[in-house]
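Chemist: give me a 3D structure for the following:
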Amino acid sequence: MIDAASKALFHALAQVNTLRRLASRFGMRPGGFARRFIAGETVGEAIEAVADLPGQGLRLTLDYLGESVASFDEARAAADEYVRIIHAIVRSGIERNVSLKLTQLGLDVDHATAVDNMRTILEPADAHGFFVRIDMENSPYTDRTLQVLDTLWQQGHRSIGTVIQSCLIRSPRDVQRLNDMGVRVRLVKGAYKEPAHVAFRDKAQVDAAFIELMYELLDHGTFPAIATHDPAMIRETQRYAQKKGYGKDRFEFQMLYGIRRDLQASLVAEGYGVRVYVPFGQQWFPYFMRRLGERPANVAFVLRGIFGER
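Modeler: Residues are numbered from 1 along each chain as shown. Here you go, the predicted model:
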């Protein structure tokens, strides 16, 4: 497990423009080091990359990468691109499930802009039977993200869900409220560097919080997604579900594209639902660096790829 200082380093590196340019030049070319974790830079490439997932018994969600836009026009352009992506997915015949970030849709502009752009996306999404997951960003956005979700929920958009991070101290009350509403929750540990007054810093505390939240979601949630590559967390989820007599259709596991494919396959073989989170788009570098900051094996894989090309 990478320590907090190393994790912070990867977050800082993600902001270095020189590294972004080098990554853009080399990372996504055929055989490039980022191809394992990023499905492509266009929706067409992503659709082609996931074509074999249903044959492996895997579910999917596509995520058009991007975040932290600063203007109304940029946010509107991102919403319009998501509408094009929705229509491309419909034409392709793949599963109708997408994930998105609200800072890509204008949350830093204002609440109304984010809501309006979400409605632009949800109109065709609802018409074509999509499920839309609102991803959770770092802690300054937690309340604002949940407020946008609440606004949309009250307007009748019910094929939406969100994400809760077990590292945040506030998460138990958020999970209880979302369960009461009937919102589908994706439970993760959390990939952002957070201050100590809002988040657990110790891995054991994050893990313990994850388990308690998983219990609450399995007991009272609406088709929760248990998103982890940690075998200990997966085993405890299985043990608890079996103890309570919950069927395997009550929840699903979720994992990232390109990570622990062996574990994905073994869970499918055991009869569990497994959804793969599939990122794509030109703005892939910050996401990619967060993945490196989470798991040492990811760093080793990239280094082997870089040196293998020389």
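Chemist: for this structure, what helix or strand is lowest in average pLDDT?
Modeler: helix 296-308 (a mean of 50; mean pLDDT, DSSP states H and E).
Chemist: quick one: contacts for residue 148?
Modeler: Contact analysis of residue 148 by CB atoms under 8 Å, 6 or more residues apart in numbering lists 102, 107, 111, 114-115, 118, 134. To be clear about C-beta, it is placed using only N, CA and C from the backbone, and glycine gets the same treatment.
Chemist: how near is it to residue 252?
Modeler: The gap separating residue 148 from residue 252 is 24 Å, by CB to CB, to the nearest Å.
Chemist: residue 193 too?
Modeler: Distance from residue 193 to residue 252, counting by CB to CB: 28 Å.
Chemist: circling back to that earlier point, quick check on the contacts of residue 148: which are buried?
Modeler: Neighbour counting over these (16 or more other CB atoms under 10 Å) leaves 102, 107, 114-115, 118, 134 as the buried ones.
Chemist: how about the secondary structure of residue 76?
Modeler: Using DSSP: H, G, I helix; E, B strand; the rest coil, the secondary structure recorded for residue 76 is helix.
Chemist: out of the contacts of residue 148, who's nearest residue 59?
Modeler: Nearest to residue 59 out of the contacts of residue 148 is residue 134 (CB to CB; 18.1 Å).
Chemist: please enumerate the helices of the protein.
Modeler: Taking DSSP state H as the criterion, the chain contains helices spanning 4-13, 17-26, 43-49, 72-92, 111-127, 142-154, 171-181, 203-220, 231-244, 261-269, 285-294, 296-308.
Chemist: can you check which of the ones you listed gets nearest to residue 277?
Modeler: Minimum separation from residue 277 across the helices of the chain (CB to CB) falls at helix 285-294, 10.3 Å.
Chemist: kindly format the C-alpha coordinates of the closest one as CSV.
Modeler: Listed next in CSV are the C-alpha coordinates belonging to helix 285-294 (Å, rounded to 0.1, in the frame of the first residue of the first chain):
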residue,chain,number,x,y,z
PHE,A,285,-4.0,11.9,-17.1
PRO,A,286,-5.3,13.1,-13.7
TYR,A,287,-7.4,9.9,-13.4
PHE,A,288,-4.5,7.8,-14.4
MET,A,289,-2.2,9.4,-11.8
ARG,A,290,-4.8,8.8,-9.1
ARG,A,291,-4.8,5.1,-10.0
LEU,A,292,-1.0,5.0,-9.7
GLY,A,293,-1.3,6.6,-6.3
GLU,A,294,-3.6,3.9,-5.0
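Chemist: check the offset of that helix from the chain's centre.
Modeler: Using CA atoms, centre = their mean, to the nearest Å, the distance from the centre of helix 285-294 to the centre of the chain it belongs to is 12 Å.
Chemist: by contact count, what packs against that helix?
Modeler: When contacts are defined as 3 or more CB pairs under 8 Å, 6 or more residues apart in numbering; DSSP states H and E, helix 285-294 packs onto helix 4-13, helix 17-26, helix 296-308.
Chemist: what's the farthest-apart pair in the buried ones among the contacts of residue 148?
Modeler: Longest distance between any two of the buried ones among the contacts of residue 148 is 11.4 Å, between 115 and 134; criterion CB to CB.
Chemist: can you give me the distance of residue 223 to residue 270?
Modeler: In this structure, residue 223 lies at 18 Å from residue 270, with CB to CB as the measure.
Chemist: when the two are compared, which one has more neighbours?
Modeler: More crowded of residue 223 and residue 270, by other CB atoms under 10 Å: residue 223, with 15 against 10.
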